[in-house]
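here is the input, now give the coordinates:
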Amino acid sequence: MTVAARHSVQHGTFTITRDLPHPPARVFAAWASPEAKALWFSGPPGKWKLLERRMDFRVGGQERARGEFTGRFVTDFQATYHDIVPDQRIVYSYTMHLDDKKISVSLATIEFQASGKGTKLVLTEQGAFLDGYDDSGSREQGTAGLMDALEKSLGETR
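A predicted model of the protein is given here:
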């Protein structure tokens, strides 16, 4: 097998928009505070066990969320923050690993736009899926699930 045959890349882009009944500063804080983000940014309860979490929310800072799907595999999210405009925008890149295999490299942009009495959140992700990993929309579905968890956490915290 040649090197070209073993290594491949497929690209995907998606956008998720949510209208949230909370001001931009509150929604932004749910991404910026390690304690607030830990309330919603994780695997499914009862199916995923946290192994490691770190977050240094600043330009150049890094974040890691590593956990195990019960008896199946370890997921490892490793991000670097590139642009932060308080209450308006976050841009970061991240790699995703399953066990020790890097499956993707992505660029994510989160926009927080004042809208009526709340916030229009726009999340855009551009991903490069590596070496035969066929995403088949699972990243978008997983991210939509995280946005559901974000909404729930905002409703539970005041």
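
where does pLDDT dip in the chain?
1-5, 157-158 (pLDDT under 70).

strands along that one, start to end?
In the chain, the segments counted as strands under DSSP state E are 9-20, 48-55, 62-69, 73-85, 89-98, 101-115, 118-130.

closest to the centroid, which residue in the chain?
Nearest to the mean C-alpha position of the chain, by Cα atoms, centre = their mean, lies T143 at 6.4 Å.

of the strands of the chain, which is nearest L39?
strand 48-55 (11.6 Å; Cβ to Cβ). C-beta: built from backbone N, CA, C; applies to glycine.

name the residues that touch that closest one?
34, 37-38, 42-43, 61-70, 74-75 (Cβ atoms under 8 Å, 6 or more residues apart in numbering).

same question for stretch 57-68.
Contacts of stretch 57-68 (Cβ under 8 Å, 6+ apart): 31-34, 41-43, 48-56, 74-84, 92, 94.

neighbours of the closest residue to H82 other than its chain neighbours, just the number please.
Once flanking residues are discounted, H82 sits nearest to V91: 4.9 Å by Cβ to Cβ, 6 or more residues apart in numbering. Around V91 there are 16 other residues, counting by other Cβ atoms under 10 Å.

what bridges to V91?
D83, T109 (DSSP bridges).

who are the neighbours in contact with it?
81-84, 107-110.

which residues touch A32?
Contacts of A32 (Cβ under 8 Å, 6+ apart): 57, 84, 86, 90.

if you set the cut-off to 10 Å instead, what comes out?
25, 55, 57-58, 81, 84, 86-87, 90 (Cβ atoms under 10 Å, 6 or more residues apart in numbering).

which among the residues you listed count as buried?
Neighbour counting by 16 or more other Cβ atoms under 10 Å classes 55, 57, 81, 84, 90 among the contacts of A32 as buried.

which one of those is nearest D148?
Looking across the buried ones among the contacts of A32 and measuring by Cβ to Cβ, the closest to D148 is I90, at 19.0 Å.

which one is that closest one nearest to, not counting chain neighbours?
I110 (4.4 Å).

wait, what's in contact with that neighbour?
Per Cβ under 10 Å, 6+ apart, neighbours of I110: 16, 27-28, 31, 84, 88-92, 121-125.

follow-up on the earlier one: any chance of TSV for the contacts of V91, columns distance to R139?
Output for the contacts of V91, formatted as TSV (distance: Cβ to Cβ, whole Å):
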residue	distance to R139
Y81	19
H82	19
D83	21
I84	23
L107	13
A108	10
T109	15
I110	15
